[in-house]
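Peer 1: attaching a predicted model along with its sequence, questions to come.
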Number of protein chains: 2
Amino acid sequence: MSQSVSSRQPVTLAEVAREAGVSPSTVSRILNGTAQVKAAKVAQVKAAIEKLGYKPNAFARSLATGASGSVGVLTQDIASPFYGDALGGIESGLMGSGYSPLIISGHWRTDDEEHAIELFMSRRVEALIVLGGHLPEHELRQLAQQLPVAILGRRVDLPSAGSISLALDNQRAAYDVVNYLLDRGHRRIGHLSGPRDHADALARLAGYRQALEDRGFPFQPGLVVQGDFHEPSGLIGTQQLVAQHPDMTAIFSANDQMAYGARLALYRMGLRVPEDMSLVGFDDLPGSAYTTPPLTSVRQPMAEMGHWLARFVVAQLTGQEITPFQPQLELRLRESVAPRRLP
Amino acid sequence: MSQSVSSRQPVTLAEVAREAGVSPSTVSRILNGTAQVKAAKVAQVKAAIEKLGYKPNAFARSLATGASGSVGVLTQDIASPFYGDALGGIESGLMGSGYSPLIISGHWRTDDEEHAIELFMSRRVEALIVLGGHLPEHELRQLAQQLPVAILGRRVDLPSAGSISLALDNQRAAYDVVNYLLDRGHRRIGHLSGPRDHADALARLAGYRQALEDRGFPFQPGLVVQGDFHEPSGLIGTQQLVAQHPDMTAIFSANDQMAYGARLALYRMGLRVPEDMSLVGFDDLPGSAYTTPPLTSVRQPMAEMGHWLARFVVAQLTGQEITPFQPQLELRLRESVAPRRLP
DNA sequence: CTTATTTTTGCAACCGCTTTCAGATAAGCT
DNA sequence: AGCTTATCTGAAAGCGGTTGCAAAAATAAG
């Protein structure tokens, strides 16, 4: 109950020991339950801890035990709704495991990512979770030899047993989206694609293309405009698409954020969704269920994946088993797609 | 250039010293630039470091120097767009300062927050940035006596010099919103309020009420429905409001997320925004500029505040000066408000 | 080529906690 | 009570760095 005396210099275990009239070893043992200690001494020590407001120094402990109790999480943008979900999952997956996350953003810049890794290593993280990014594969593979590495959103060959990479079949999902649109009668389908150096963006584009070709419709480069995964590029791209292809009846955006931009562009042009133009996104951001109309999108189970990855690395670290997990992309049908009206 | 030999056991400074044929102290001095060292030795040591792939152990260093180089960041929900922005700002504010953030979520649960603090203290963070939350004031004050504390989103009296709390005048902003609506002829204005235990929510409600009363319109409890700051509660609240007050022409939501819910509810009921119903949110989330129509909202400069707070604590830690900063709430006029149509 | 200085180095003592090892205590039996 | 065995406890040696101090080496001065 009693509050500690607030002091500048943190209290050390030795001081607690002196206060309680026992040796440091004893205090340590009580703290960690490493050995039986007479009840009387336990009481004295606990009292001393309380009185002094002692908080163990994690550094000293880590140094002595060689275990840092933390896992490095390399994300790309901490403010991104997309990665944010995954972070939330990781956090919950780590909860109660005794490990805590050390989160750093790489901003899709390789050297930022390298710095992050540097920091992780100097902070002796015991495992690594990597969300996307551009780190060269060989580097990841090298890391995987030193500690468990879990990668999300990239397919990387990790020969090491304790590591894993979790990726979704983006191409397949995009393929399904376009087929869904084709099934509803749409023939001229625009695509807002993502950055050319982004593997997922490429996969989605490939799925779009393949679906068209498999159904016998030629792929038209003019119906694809490249964006950067942010809203403004979706807006501009859509204006462009609509201007050049008045007969276009559906747009498949490579992510939700660009779909939002598209939605606004259409609104501005007086085109209704879905009556005049069907719209499909990708990612199923939390907000997408509340756009007007609610956006049909491909759900990526970010939180679940993050959660599982966290539990995966913990399992590696503690030598437990973990049930495998194959996340699935799922087309969330909402209200932004309508059958093509026959002219 | 040469890559290190990947080894299980991390290389230590002593090993580097042996390899280079110098004493550990010398290596340490080279690493930290603590003293002049003969160029020849520097070269040998650098070569050894490279060859062995040596990475200093941050724990050992922290233990020896007493400086952890990290600042604790207590957020509430890492996946929230709202706090996410602030985190991004903090990250950028810390960048290049030599300090790195240790981020933990409190989930608005006091005991989670206490745990976070515990972890921060055991990890010996050198400063603390707290985003919202429910930690009792006395506790914050106590912490502020031990290290620089920067609080965002709560007004807390921190007598200690090195600490600060940054809060915005939510009541004033809400007051302005409602006046803006009144100026446009709206008379029956609904309010979707936030959680009752949330200071900002209360302030916004108070501003709403005061604006009405100051203009001579009685406050009607029936026009206020309480939500939880999430979309569904905005949706349900709006349905309720519209059903009970057919003459209502505007809704002021205590945050954007509930406004999104409201927007959808209106869409479902066939009410147009802004023609049939004006809508104003609060927070100006990144997505709000891309809703249909773009949402009029109150912008909270989260990223800027985060950035400044980070720089503030760094300034405290390094004994520098920092220019004061008074963040302002700003009404972002967009397209979700129209003058009331005269019946 | 000494001698007085100024640089460079290395030794050794911490930083705060864990852990092995052995001695001290307490408990169990005859 | 005397001896064995099982429990507790403390001394001391690290963990991997940093740093004050003094010795050693290099440089400047006489």
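Peer 2: Nice, I can see it. Numbering: from 1, shown residues only, chains lettered A, B, ... in the order given.

Peer 1: contact residues of chain A facing DNA strand C?
Peer 2: A:9-10, A:12-14, A:24-25, A:27-29, A:31-32, A:34, A:54, A:56-57, A:60-61, A:63-65 (CB under 7 Å from any atom of the strand). Bear in mind the C-beta positions are built from the backbone N, C-alpha and C, glycine included.

Peer 1: just the buried ones from the residues you listed, in PyMOL syntax?
Peer 2: In PyMOL, a selection of the buried entries from the residues of chain A next to DNA strand C looks like this (16 or more other CB atoms under 10 Å in any protein chain shown):
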select buried, chain A and resi 10+12+13+27+28+29+31+54+56+57+60+61+63
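
Peer 1: helices along the stretch 201-343 of chain A, start to end?
Peer 2: For the stretch 201-343 of chain A, helices defined by DSSP state H, counting those that start in this stretch occupy the ranges A:231-244, A:256-269, A:302-318.

Peer 1: run the angle between the first one and helix A:256-269 for me.
Peer 2: Compare the direction of helix A:231-244 with that of helix A:256-269 by axes from the mean of the first three to the mean of the last three CA atoms, to 10 degrees and you get 50 degrees.

Peer 1: ranges for the strands of chain A?
Peer 2: A:70-75, A:100-105, A:127-131, A:149-152, A:164-166, A:189-193, A:224-226, A:250-253, A:278-280, A:297-299, A:330-332 (DSSP state E).

Peer 1: mind putting the ones you listed in CSV, mean neighbour count and mean pLDDT included?
Peer 2: CSV is the format used below for the strands of chain A (neighbours: other CB atoms under 10 Å in any protein chain shown; pLDDT from 0 to 100):
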stretch, mean neighbour count, mean pLDDT
strand A:70-75, 26, 97
strand A:100-105, 24, 97
strand A:127-131, 26, 97
strand A:149-152, 26, 96
strand A:164-166, 20, 94
strand A:189-193, 27, 98
strand A:224-226, 18, 98
strand A:250-253, 30, 98
strand A:278-280, 27, 98
strand A:297-299, 22, 97
strand A:330-332, 16, 96
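
Peer 1: possible to save the ones you listed as CSV with distance to chain B?
Peer 2: Shown next, in CSV, are the strands of chain A (distance: least, CB to the nearest CB, whole Å):
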stretch, distance to chain B
strand A:70-75, 9
strand A:100-105, 5
strand A:127-131, 13
strand A:149-152, 13
strand A:164-166, 18
strand A:189-193, 14
strand A:224-226, 18
strand A:250-253, 12
strand A:278-280, 11
strand A:297-299, 14
strand A:330-332, 15
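
Peer 1: distance to B:V280 added to the ones you listed, as TSV?
Peer 2: Putting the strands of chain A into TSV (distance: least, CB to CB, whole Å) gives the following:
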stretch	distance to B:V280
strand A:70-75	33
strand A:100-105	32
strand A:127-131	35
strand A:149-152	38
strand A:164-166	41
strand A:189-193	30
strand A:224-226	34
strand A:250-253	28
strand A:278-280	26
strand A:297-299	27
strand A:330-332	29
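
Peer 1: and A:S163, what does it touch?
Peer 2: A:A144, A:P148, A:V149, A:A150, A:I151, A:Q316 (CB atoms under 8 Å, 6 or more residues apart in numbering or on different chains).

Peer 1: my bad, A:G132
Peer 2: Residues in contact with A:G132 (CB under 8 Å, 6+ apart) are A:T75, A:Q76, A:Y83, A:W108, A:L152, A:G153, A:R154.

Peer 1: got the phi and psi for it?
Peer 2: phi 60, psi -150 (degrees, to the nearest 10).

Peer 1: quick check: it vs A:A86, distance?
Peer 2: From A:G132 across to A:A86, the span is 9 Å (CB to CB, to the nearest Å).

Peer 1: and stretch A:281-301, how far out from the chain middle?
Peer 2: Distance of stretch A:281-301 from its chain centroid, counting by CA atoms, centre = their mean, to the nearest Å, is 17 Å.

Peer 1: and the end-to-end length of that stretch?
Peer 2: From its first residue to its last, stretch A:281-301 covers 15 Å (CA to CA, to the nearest Å).

Peer 1: name the residues of it that are buried.
Peer 2: Using 16+ other CB under 10 Å as the test for burial, stretch A:281-301 gives A:281-301.

Peer 1: looking from DNA strand D, tell me which residue of chain A is nearest.
Peer 2: Proximity of chain A to DNA strand D (CB to the nearest atom of the strand) peaks at A:Q36, 2.5 Å away.

Peer 1: could you measure that residue against DNA strand C, distance?
Peer 2: Going from A:Q36 to DNA strand C by CB to the nearest atom of the strand, to the nearest Å gives 11 Å.

Peer 1: contacting residues around A:L94?
Peer 2: A:V71, A:S100, A:P101, A:A310, A:V314.

Peer 1: and the fourth one, how many residues sit next to it?
Peer 2: This points to A:A310. A:A310 has 27 neighbours, counted by other CB atoms under 10 Å in any protein chain shown.

Peer 1: list the contacts for the residue lying closest to it once chain neighbours are set aside?
Peer 2: Excluding the flanking residues, the one nearest A:A310 by CB to CB, 6 or more residues apart in numbering or on different chains is A:G93, at 2.7 Å. Counting by CB under 8 Å, 6+ apart, A:G93 touches A:G306, A:H307, A:W308, A:L309, A:A310, A:R311, A:V314.

Peer 1: so where's chain A uncertain?
Peer 2: A:1-8, A:342-343 (pLDDT under 70).

Peer 1: if we can go back for a sec, relative to A:E118, which of the helices of the stretch 201-343 of chain A is closest?
Peer 2: helix A:302-318 (19.6 Å; CB to CB).

Peer 1: for that closest one, buried residues please.
Peer 2: A:302-317.

Peer 1: and the two most separated of the residues you listed?
Peer 2: A:M302 and A:L317 (22.6 Å).

Peer 1: how many neighbours does the residue nearest to A:P286 when sequence neighbours are not counted have?
Peer 2: Once flanking residues are discounted, A:P286 sits nearest to A:P81: 6.3 Å by CB to CB, 6+ apart. Neighbour count for A:P81, taken as other CB under 10 Å: 22.

Peer 1: wait, doesn't A:P81 sit right on A:S288?
Peer 2: No. The pair A:P81 / A:S288 is not scored as a contact, 9.8 Å apart, by CB atoms under 8 Å.

Peer 1: list the residues that contact the spatially most central residue of chain A.
Peer 2: Nearest to the mean C-alpha position of chain A, counting by CA atoms, centre = their mean, stands A:A86 at 3.3 Å. Listed by CB under 8 Å, 6+ apart, the contact set of A:A86 reads A:T75, A:L131, A:L152, A:M302, A:A303, A:M305, A:G306.

Peer 1: with adjacent residues omitted, what lies nearest to the residue of the stretch 101-250 of chain A at minimum distance from DNA strand C?
Peer 2: The nearest approach of the stretch 101-250 of chain A to DNA strand C comes at A:R124, 13.5 Å away (CB to the nearest atom of the strand). Closest residue to A:R124 apart from its sequence neighbours, by CB to CB, 6+ apart: A:S68 at 4.4 Å.

Peer 1: okay, now the closest residue to A:G194 other than its chain neighbours: neighbour count?
Peer 2: Excluding its sequence neighbours, the residue lying closest to A:G194 (CB to CB, 6+ apart) is A:A201, at 2.8 Å. For A:A201, the count of nearby residues is 22 (other CB under 10 Å).

Peer 1: now do the contacts for A:A201.
Peer 2: Here A:A201 is in contact with A:S193, A:G194, A:P195, A:F229, A:A254 (criterion: CB under 8 Å, 6+ apart).

Peer 1: quick one: the fourth one from B:L63, how far?
Peer 2: This means A:F229. From A:F229 to B:L63 the distance is 43 Å (CB to CB).

Peer 1: give me the phi and psi for the nearest residue to A:L31 once chain neighbours are set aside.
Peer 2: Closest residue to A:L31 apart from its sequence neighbours, by CB to CB, 6+ apart: A:P56 at 6.5 Å. With angles defined as degrees, to the nearest 10, A:P56 sits at phi -60, psi 150.

Peer 1: please name the residues that touch A:P56.
Peer 2: With CB under 8 Å, 6+ apart, A:P56 has these contacts: A:L13, A:L31, B:S122.
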